[in-house]
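# model this:
(one chain, ligands or ions: 1)
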Amino acid sequence: MLEQLLAGSLEDAQARRELRPTAQVEAEALRRAPALDALAALAPADHMKVIAEVKRASPSRGDLAEIAEPQTLAAQYEAGGASVVSVLTEERKFKGSLADLDAVRKAVSIPVLRKEFIGDEYQVLEARAAGADLVLLIVAALPQDRLAALYTMVRELGMTPLVEAHSADEVTRAVDLGSQLIGVNARDLRTFELDRDLFGRVADQIPAGVVRVAESAVLGVADVQHYREAGADAVLVGEALVTSDPVATLQSYLSV
Ligand SMILES: O=P(O)(O)OC[C@@H](O)[C@@H](O)c1c[nH]c2ccccc12
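Presented below is the predicted three-dimensional model:
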C-alpha cells in the first residue's frame, strides 16, 4: 500500500511538473519569506503540544469530513492552541491538494507541515513554494541514501524535516540522519494496522534534545495521556479534530 501511495504521489507530481517546470517552482520557493522555526514551536514544554491535521479522508478510514474551507479549520486550530498545522496534500486517497496548503499558509501564522508521500526533489520545492515550513519524510518509503538527500534538501531550503518511523529499525535510521524532529506513527502504512504501544517501545531510542512526536490513534484525551506518559513532546492528530469541535478538543489535549 505504501508503495502504491508513493507511486501515485510521484505520478501526480510529474503531471504538475509538465505544467510548472522545476526552474519556475524553484524560483517561487526561493522568493518565499524564510520558513518559520518549527523546532522552536514544538520545543518540549510542561504540557503536550499538538500538530493539528487538515484531513478529509484516508485509505484506512474513508471519508472523515468535507472541509470546504481548510483555511477556516486551520484558523480554528491556531486559535485553539495548536503548535503546527499539518496539511495532507495527497490527492488520491486523502483528498488533499497543494491549494489547501497555500490557503492554510495564508490564514495562520504558526508553522505549516506538508504531509505527502515525498520521493522526489520537485515535491520538496513545491512544498516551499506553497509556503510549507516542515516536510514529512517517511523512512519506510525510501532507501537511506534517497532519504538523506531529501532530508538535506529540506534543510537547505530552511524547512524542518519531520522524519516518520514505524519500527525500532526505522527510528535508528531517522536518528542516523541527524533528525531533530522524529515522529513515530502508530499506523503501519504498509498494512494500516494500529499499534498504540509502539511509541512507548521505541521512545528511549530517540536521543535527548530531539523532539518526539506520537502520530495517529489519538481519539480522546486518554490517548494523549498515554502518549505523554510514554514520553511524547507532541501528538499529531487528524481524525479526532476534523470530526469534533476542534477548539474544545484541542484545549482538552493541551491540558495534558
Ligand atoms: O487521523 P489520525 O489517526 O489522528 O492520524 C493523523 C496522522 O498521524 C496521520 O494522518 C498520518 C501519519 N503519518 C502519515 C503519513 C501519510 C498520511 C497520513 C499520515
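
# in the protein, which residue sits nearest the ligand?
Here the residue of the chain nearest the ligand is Gly238; by Cβ to the nearest ligand atom that distance is 2.9 Å. The way it works is simple: take the backbone N, C-alpha and C, and place the C-beta from them, glycine included.

# please enumerate the helices of the stretch 51-200 of the chain.
Secondary structure of the stretch 51-200 of the chain by DSSP state H, counting those that start in this stretch: the helices cover 70-80, 98-107, 121-129, 144-156, 168-176, 198-202.

# so which of those is the most packed in?
Neighbour counts (mean count of other Cβ atoms under 10 Å) averaged over each of the helices of the stretch 51-200 of the chain peak at helix 121-129, with a mean of 23.

# that helix packs against which elements?
helix 2-19, helix 22-31, helix 144-156 (3 or more Cβ pairs under 8 Å, 6 or more residues apart in numbering; DSSP states H and E).

# ok, the residue of the chain closest to the ligand - how many residues close by?
24 (other Cβ atoms under 10 Å).

# that one contacts Leu64, correct?
Yes. Counting by Cβ atoms under 8 Å, Leu64 is a contact partner of Gly238 at 7.5 Å.

# now for these two: what residues contact both?
55, 58 (Cβ atoms under 8 Å, 6 or more residues apart in numbering).

# show me which residues of the stretch 101-250 of the chain are close to the ligand?
115, 164, 185, 215-218, 236-240 (Cβ under 6 Å from any ligand atom).

# show me which pair in those residues is furthest apart.
Maximum pairwise distance among these (Cβ to Cβ): 18.8 Å, between Glu164 and Ala240.

# between the two, which has more neighbouring residues?
The neighbour comparison of Glu164 against Ala240 (other Cβ under 10 Å) goes to Glu164, with 25 against 22.

# the more buried one contacts Arg187, doesn't it?
No. If you go by Cβ under 8 Å, Glu164 and Arg187 don't touch, sitting 10.2 Å apart.

# overlap in contacts of those two?
Glu215.

# related to what we said a few turns ago, in CSV: the helices and strands packed on helix 121-129, plus mean pLDDT.
Below are the helices and strands packed on helix 121-129 laid out as CSV (pLDDT from 0 to 100):
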stretch, mean pLDDT
helix 2-19, 97
helix 22-31, 98
helix 144-156, 98
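
# just give me the neighbour total for Val87.
Val87 has 27 nearby residues by other Cβ under 10 Å.

# hmm, it is touching Val108, no?
No. Assessed by Cβ under 8 Å, Val87 is found out of contact with Val108, at 10.3 Å.

# residues that sit against both of these two, list them.
Common neighbours of Val87 and Val108 are listed as Ala74 (criterion: Cβ under 8 Å, 6+ apart).

# perfect, I'm done here.
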